[in-house]
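Undergrad: Take this sequence and fold it.
(one chain, ligands or ions: 1)
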Amino acid sequence: MFQKSIAFMALSLALSYSSHAAAKHKLLFFTKSSGYEHEVISYKKGQPSFAEKIFLEFGAKESWDFVFSKDGSKFSPEYLAGFDAVIFYTTGDLTTEGTDKQPAMSPAGKQALLDYVKGGKGFIGLHSASDTFHTANESKKGQDRFQNHGKVADPYICLLGGEFIMHGTQQVATNTVIDKKFPGFENLNDTFAFSEEWYSLKDFNPDIHVLTVIDAPKMEGPAYQRPAYPSTWAREEGKGRVFYTAMGHRNDVWTNPTFQSILIGAIHWATRDVDAEIPPNLTKSAPGAMTNPTYVAPKPAAVPAAPAPAAK
Ligand SMILES: [Zn+2]
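TA: Now for the predicted structure:
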């Protein structure tokens, strides 16, 4: 008993020491949901979300100081200047209050984010960051949602490097690791596989450096009936560093060592603790990536059958 309490005290002292040490980096984790609100970033009874608790663990180990926010109205050059990198787990058009009724970002706030990254800071998009600021505000999953827009895609999508189309049912899918030299990927196997809500993505910026490729069309469901495509990548936007991974829907993905290694590596890279070579490799790593799944129009509502002519 005595031994245990000594060990506990030592642990507490270590934790309080690291929380008082100067933070190596200040990071904003922004989780406003103007569209669908994910379980993993939702607040219950005033407690940090599941994802925020994971970031607090990372922060204690790495001396990272996290600010958690869903308030879009704070976005301005001055506000963003306080962070080394911004991490998005968002949905929808953030310039609207939308689903979670948290304050909207102003158009100037959105521009401030784009300028902040271009000016040399870091941006990390997780999972539904690609289901955010859809091109031409495509709110409906109609035919347009299945088209690539290239340079006329929303500036946020161009910055992120790709856009969410749809997802099928959760399933185990295999991802091939393309670059083991990238921070966080050094100790991964050649492939990894686990159950996730895998995103089918489009409109890849041709300048992305692909880090993982998902093995569509071997997956189940029409969303994945397409050639293999990137699920994680890095790129540069002006002087800034951008990282995206489609992973992060499920709680057990957030506790998965592969996801955690990728995420911690991404933060080290985005905050310039480490450098990496990131030449464009889309056509080499995923030659069919720009081929999207086929749009299937929803069946028209059944028209009630005409009444049978009265029997004579
Ligand atoms: Zn999701």
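
Undergrad: pretty sure residue 93 is in contact with residue 133, am I right?
TA: Yes - taking CB atoms under 8 Å as the definition, residue 93 is a contact partner of residue 133 at 6.4 Å. Quick note: C-beta positions are derived from backbone N, CA and C, even for glycine.

Undergrad: Looking at the two, which one has more neighbours?
TA: Legend: neighbour count by other CB atoms under 10 Å for residue 93 and residue 133, higher for residue 133 (26 against 19).

Undergrad: Residue numbers of the stretch 101-250 of the chain in contact with the ion?
TA: 197, 249 (CB under 5 Å from the ion).

Undergrad: ok, now which ones touch whichever residue of the stretch 101-250 of the chain sits closest to the ion?
TA: Closest residue of the stretch 101-250 of the chain to the ion, CB to the ion: residue 249 (3.5 Å). Counting by CB atoms under 8 Å, 6 or more residues apart in numbering, residue 249 makes contact with 38, 40, 127, 128, 170, 196, 197.

Undergrad: and the last one, backbone torsions?
TA: With angles defined as degrees, to the nearest 10, residue 197 sits at phi -90, psi 90.

Undergrad: ok, and the spatially closest residue to it that is not a sequence neighbour, which helix or strand is that part of?
TA: Excluding the flanking residues, the one nearest residue 197 by CB to CB, 6 or more residues apart in numbering is residue 249, at 3.9 Å. Counting by DSSP states H and E, no helix or strand carries residue 249.

Undergrad: So, low pLDDT: which residues of the protein?
TA: The chain contains residues with pLDDT under 70 at 1-22, 139-141, 302-312.

Undergrad: Nearest the middle, which residue of it would you pick?
TA: residue 126 (1.6 Å; CA atoms, centre = their mean).

Undergrad: wouldn't it be in contact with residue 90 here?
TA: No - assessed by CB under 8 Å, residue 126 is found out of contact with residue 90, at 9.0 Å.

Undergrad: Among the contacts of residue 249, name the buried ones.
TA: With burial judged by 16 or more other CB atoms under 10 Å, the buried subset of these is 38, 40, 127, 128, 196, 197.

Undergrad: who's in contact with the last one?
TA: When you say that, I think you mean residue 197. Here residue 197 is in contact with 167, 170, 249, 250 (CB under 8 Å, 6+ apart).

Undergrad: still on that earlier bit, may I have the beta-bridge partners of the residue nearest to the centre of the chain?
TA: Here residue 126 sits in beta bridges with residue 245, going by DSSP bridges.

Undergrad: Just the terminal-to-terminal distance for stretch 93-103.
TA: Stretch 93-103 has an end-to-end distance of 12 Å (CA to CA, to the nearest Å).

Undergrad: Sorry, slip of the keys, the one I care about is stretch 152-169.
TA: First-to-last residue span, stretch 152-169, CA to CA: 30 Å.

Undergrad: just to revisit the earlier point, looking at the contacts of residue 197, which two lie furthest apart in space?
TA: 167 and 250 (12.0 Å; CB to CB).
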